[in-house]
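Student: Make a model of this:
(2 chains)
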Amino acid sequence: MSTTMTMAAALNAALRDSLEASEDVVLIGEDIGTLGGVFRITDGLKERFGASRVIDSPLAESGIIGASVGMAYRGMRPVSEIQFDGFVYPGFDQIVAQVARLHYRTSGAVRMPLTIRIPFGGGIGAVEHHSESPEAYFAHTPGLRVVTVADPQDAYSTMRAAIECDDPVMVLEPKRRYWSKGEVDTSVTADLSSARVLREGRDATLVAYGPLVVTALEAAVAAEDDGIDLEVIDLRSLSPLDRDTVAASVRRTGHLVVAHEAPGNVSLSSEVITSVVEDCFAHLEAAPERVTGFDIPYPPGVLEDHYLPGIDRILDAVDRTLGRRNSREAA
Amino acid sequence: MLTTTSAPDHDLVAGLDTPLHVLREDGTRRPDATLDPLLADVDRELLTSLYLDMAVVRAIDEEAVALQRQGELGLWPPLRGQEAAQIGLGRALPETDFLFTSYRENALAWCRGVGPAEMLSVWRGTTLSGWGPFAHHMATPQVIIGAQTHHAVGYAMATQAQGKDDLAVACFGDGALSQGDTNEAMVFAASFQAPVLFFCQNNHYAISEPVDVQATVPIALRPTGFGIPSLRVDGNDVLAVRAASLLAAQHIRAGKGPMFIEAVTYRLGPHTTSDDPTRYREEKELEHWRRRCPLGRLERHLEQLGAPVGELRTEAEQRSQEATTAMQEAVAALPSPAPESMFENVLSTEHPGLLRQREQFRAFTDSLAPEQTEGSSA
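Tutor: Numbers count the residues shown, from 1 in each chain, chains lettered A, B, ... in the order given. Got it, this is the predicted structure:
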């Protein structure tokens, strides 16, 4: 049974169905109850499940995550919302020093089935601290799963899987895709660890995740005009990384382009390219390329279109790896 | 539900001028309107067992320091001087109440039946957590200052949601007062009226920094700003700490929300075996606190009651000897974990990336020449 809905509605449905499925699931975060969240992802859930299961918390990110740790100690499965990507840093210690390592530290005795939801990335013209891509900080931390969602179906299935997972899972929701629509079948399940090959192609592998998956697919359509056949992979899980799917693709295409919004310095593209170099260097016919945000703090809103990788910058990188005429030949 | 509670009203602090105490320094009993209702069950047998507990944990602590000096432990955080604060709390609560502590609460671990191997393995470096939290209702000790206060509050919120009446206890020191986490935890606890006891051992120093760097007013005043009633108690008076803990637990179990205890005590030793307290405090101050030794005070009290103190000392020595011998044997027998075990339990299931790294590690160690792996001098 499939229904057309926005990604926001799909996430809301996933949270609702998870709350329905288990009494152990509770939501906690700022403004998630009466208001329904600043993006309305939790709309109506407090009315339906009550204030003790959809908890409007004090404005304290460390407290939101830290209280969730204590709830998990007691056998609950908290879903904590951090209101915006740029607000996660006060909760950083609880995430990387507590959530991520309690299972390891206790030799498996303490499970941390926490889901940490964070709207992330730019493209909505927001003010400072509202458009960040902090994923590399967290993907760097062993013991924490970091996943992204890209479309309504994937959002629904991945959120359900994250809440059911016994590991702590950070789910990064691309806020500029909240209102994009798609078909959602609530019986479809997701495997958190796997990348998705969304489009098969012959000439080059284009890897993206989160908000740039749609952009990558659009770039692949545009590339057809130039006779270029792109394979598009949604990484989905940033940690652990499904490097086998990426390597298998590069073995076929011989070319790799990685695109994400975060600055490129010490980023997911660094990791993906390194893994391909380690795993299948001999299959690469040209140097891999990446298209990322620049190594600057997120710029003012009116400049974000220049900062964010778009179709043209991605195609330019495709041209470079394929040895076609591109922007860097001008000099 | 117990109804004898005389917990202070909202916003009220008890013991602000003089920390609540029932034993004077000379060992005589004094009346205390707040604590006396909680002392009805105190008899010589209880006093004796509290004394023995304090004596044994002091011996355990001293033995651990000795083991560190012998190179058997990498580090140890001594609790000497804080025996009454920890035993007073540990002996007041049922074992089902869940403790979230820092790293210095080994007397509480003792109360919870943590064995010598479990207690020492972290400090020996053979594991990251010596004991199973659920086996002892005591979380893995926390090194990050104040982080565990949130865990206690979250645990308490879950307890509350499940309609159970067990408590969570957050133990921390005066240094943790400066951390955002501790303050945030009090906001959460007060907002949700979570059944949590905040237990601050004010031992006067955060490593080298005196308590007035953390708080310019008495610590017990801090929670009242969050709407959490507090008791300021003499942390070197085991009876007072036990009574205050019972009082707080009654208050919390009666659904009246969180409570805070400041146990005013003193760390007689260094912060850990790595630091040198002579650089940051005066002998005169130490001497002042040595006179307030929690064991001596209880011993004098027992003496006044006509207890056979000589026999008691002999029994304490015997029990201490048993405990410290067990520690020596436990340390000697602690196995080093297999190197490959470091790849286990990162996630709840194995994942290909780590399996690959483990294989690479195994291949590398297998590739080493035997003399290298055996470390022999041939």
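Student: need the helices for the chain, in chain order.
Tutor: Going with chain A. A:7-21, A:45-49, A:61-73, A:92-93, A:102-105, A:135-139, A:152-164, A:212-224, A:243-253, A:268-280, A:304-307, A:311-321 (DSSP state H).
Student: You answered for a different chain; I wanted chain B.
Tutor: B:44-69, B:83-90, B:106-111, B:116-124, B:133-136, B:147-161, B:180-192, B:238-251, B:283-290, B:294-304, B:309-333, B:352-367, B:370-374.
Student: Can you list phi and psi of the residue nearest to B:Pro94 when sequence neighbours are not counted for me?
Tutor: Leaving aside its chain neighbours, B:Pro94 sits nearest to B:Asp166 (7.7 Å; criterion: CB to CB, 6 or more residues apart in numbering or on different chains). In this view, the C-beta of every residue, glycine as well, is placed from N, C-alpha and C. Torsion angles at B:Asp166 (phi, psi; degrees, to the nearest 10) stand at phi -80, psi 160.
Student: gap between B:Asp166 and B:Val196?
Tutor: 11 Å (CB to CB, to the nearest Å).
Student: what does B:Gln328 give?
Tutor: 38 Å.
Student: quick one, which of the two is more surrounded?
Tutor: B:Val196 (34 against 16; other CB atoms under 10 Å in any protein chain shown).
Student: Can you get me a residue count around the closest residue to the more buried one other than its chain neighbours?
Tutor: Leaving aside its sequence neighbours, B:Val196 sits nearest to B:Ala156 (CB to CB, 6+ apart; 3.9 Å). A count of nearby residues for B:Ala156, using other CB under 10 Å, gives 33.
Student: so which of the helices of chain A is the most packed in?
Tutor: helix A:61-73 (a mean of 29; mean count of other CB atoms under 10 Å in any protein chain shown).
Student: Tell me what angle it forms with helix B:180-192.
Tutor: With axes from the mean of the first three to the mean of the last three CA atoms, to 10 degrees applied, the angle from helix A:61-73 to helix B:180-192 works out at 70 degrees.
Student: Can I get helix A:61-73 in PDB, CA atoms only?
Tutor: Extracted as PDB, the C-alpha positions of helix A:61-73 are listed here (Å, rounded to 0.1, in the frame of the first residue of the first chain):
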ATOM      1  CA  GLU A  61      21.200  19.700  24.000                       C
ATOM      2  CA  SER A  62      23.500  17.900  26.400                       C
ATOM      3  CA  GLY A  63      20.600  17.300  28.600                       C
ATOM      4  CA  ILE A  64      18.500  15.900  25.800                       C
ATOM      5  CA  ILE A  65      21.100  13.400  24.800                       C
ATOM      6  CA  GLY A  66      22.300  12.700  28.300                       C
ATOM      7  CA  ALA A  67      18.800  12.100  29.600                       C
ATOM      8  CA  SER A  68      18.300   9.800  26.600                       C
ATOM      9  CA  VAL A  69      21.400   7.800  27.700                       C
ATOM     10  CA  GLY A  70      19.800   7.300  31.100                       C
ATOM     11  CA  MET A  71      16.500   6.200  29.600                       C
ATOM     12  CA  ALA A  72      18.300   3.700  27.400                       C
ATOM     13  CA  TYR A  73      20.000   2.400  30.600                       C
END
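Student: Show the model's pLDDT score for A:Glu329.
Tutor: On pLDDT, A:Glu329 comes in at 85.
Student: Can you give me the end-to-end span of stretch B:85-105?
Tutor: Stretch B:85-105 has an end-to-end distance of 10 Å (CA to CA, to the nearest Å).
Student: So, low pLDDT: which residues of the chain?
Tutor: No chain in the question, so chain A it is. For chain A, the stretches with pLDDT under 70 are A:330-331.
Student: could you do chain B instead?
Tutor: In chain B, residues with pLDDT under 70: B:1-11, B:371-378.
Student: need the contact list for the residue nearest the centre of it.
Tutor: Centrality entry for chain B: nearest residue to the mean C-alpha point is B:Glu105, 2.3 Å, by CA atoms, centre = their mean. Counting by CB atoms under 8 Å, 6 or more residues apart in numbering or on different chains, B:Glu105 touches B:79, B:86, B:99, B:141, B:171.
Student: In JSON lines, list the residues you listed along with neighbour count and distance to A:Ala136.
Tutor: Shown next, in JSON lines, are these (neighbours: other CB atoms under 10 Å in any protein chain shown; distance: CB to CB, whole Å):
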{"residue": "B:Leu79", "neighbour count": "27", "distance to A:Ala136": "41"}
{"residue": "B:Gln86", "neighbour count": "31", "distance to A:Ala136": "42"}
{"residue": "B:Leu99", "neighbour count": "28", "distance to A:Ala136": "36"}
{"residue": "B:Pro141", "neighbour count": "24", "distance to A:Ala136": "31"}
{"residue": "B:Cys171", "neighbour count": "30", "distance to A:Ala136": "35"}
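Student: Would you point out the most distant pair within these?
Tutor: B:Leu79 and B:Leu99 (14.6 Å; CB to CB).
Student: Please list the residues of the stretch 201-331 of chain A that sit near chain B.
Tutor: Taking CB under 8 Å from any CB of the partner chain as the contact definition, the stretch 201-331 of chain A meets chain B at A:240-244.
Student: Between the residues you listed, which sits nearest chain B?
Tutor: For those, the residue nearest chain B by CB to the nearest CB is A:Pro240; the value is 4.4 Å.
Student: Any idea how many residues pack against the closest one?
Tutor: 20.
Student: How about B:Gln318?
Tutor: Neighbours of B:Gln318 (other CB under 10 Å): 12.
Student: What distance do you get for it to A:Pro58?
Tutor: When B:Gln318 is compared with A:Pro58 (using CB to CB), they lie 52 Å apart.
Student: returning to that earlier point: please identify which of the helices of chain B is closest to B:Gly15.
Tutor: Comparing those by CB to CB, helix B:238-251 comes nearest, at 8.4 Å.
Student: For the closest one, what is the distance to the chain centroid?
Tutor: Centroid displacement of helix B:238-251 relative to its chain, using CA atoms, centre = their mean, to the nearest Å, is 15 Å.
Student: Quick one: list the elements packing against that helix.
Tutor: helix B:44-69, helix B:83-90, strand B:196-202, strand B:230-234, strand B:259-264, helix B:294-304 (3 or more CB pairs under 8 Å, 6 or more residues apart in numbering or on different chains; DSSP states H and E).
Student: can you do 7 Å?
Tutor: Applying 3 or more CB pairs under 7 Å, 6 or more residues apart in numbering or on different chains; DSSP states H and E, one finds that helix B:238-251 contacts helix B:83-90, strand B:230-234, strand B:259-264.
Student: would you turn those into TSV with distance to chain A?
Tutor: Below are the helices and strands packed on helix B:238-251 laid out as TSV (distance: least, CB to the nearest CB, whole Å):
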stretch	distance to chain A
helix B:83-90	19
strand B:230-234	20
strand B:259-264	17
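Student: Turn the helices of chain A into a markdown table, columns for distance to B:Leu93.
Tutor: Shown next, in a markdown table, are those (distance: least, CB to CB, whole Å):
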| stretch | distance to B:Leu93 |
| --- | --- |
| helix A:7-21 | 33 |
| helix A:45-49 | 33 |
| helix A:61-73 | 17 |
| helix A:92-93 | 28 |
| helix A:102-105 | 23 |
| helix A:135-139 | 37 |
| helix A:152-164 | 33 |
| helix A:212-224 | 52 |
| helix A:243-253 | 50 |
| helix A:268-280 | 47 |
| helix A:304-307 | 55 |
| helix A:311-321 | 61 |
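Student: Skip the chain neighbours and tell me the closest residue to the residue in the stretch 1-150 of chain B that chain A sits nearest to.
Tutor: Going by CB to the nearest CB, chain A is nearest to B:His150 of the stretch 1-150 of chain B, at 2.4 Å. What sits nearest to B:His150 in space, not counting adjacent residues and going by CB to CB, 6+ apart, is A:Gly66, at 2.4 Å.
Student: So the one you found is in contact with B:Tyr155, correct?
Tutor: No. Using CB atoms under 7 Å, A:Gly66 is not in contact with B:Tyr155, being 10.6 Å away.
Student: from what I can see A:Arg16 touches A:Leu45, true?
Tutor: Yes. Between A:Arg16 and A:Leu45 a contact is recorded at 6.1 Å, counting by CB under 7 Å.
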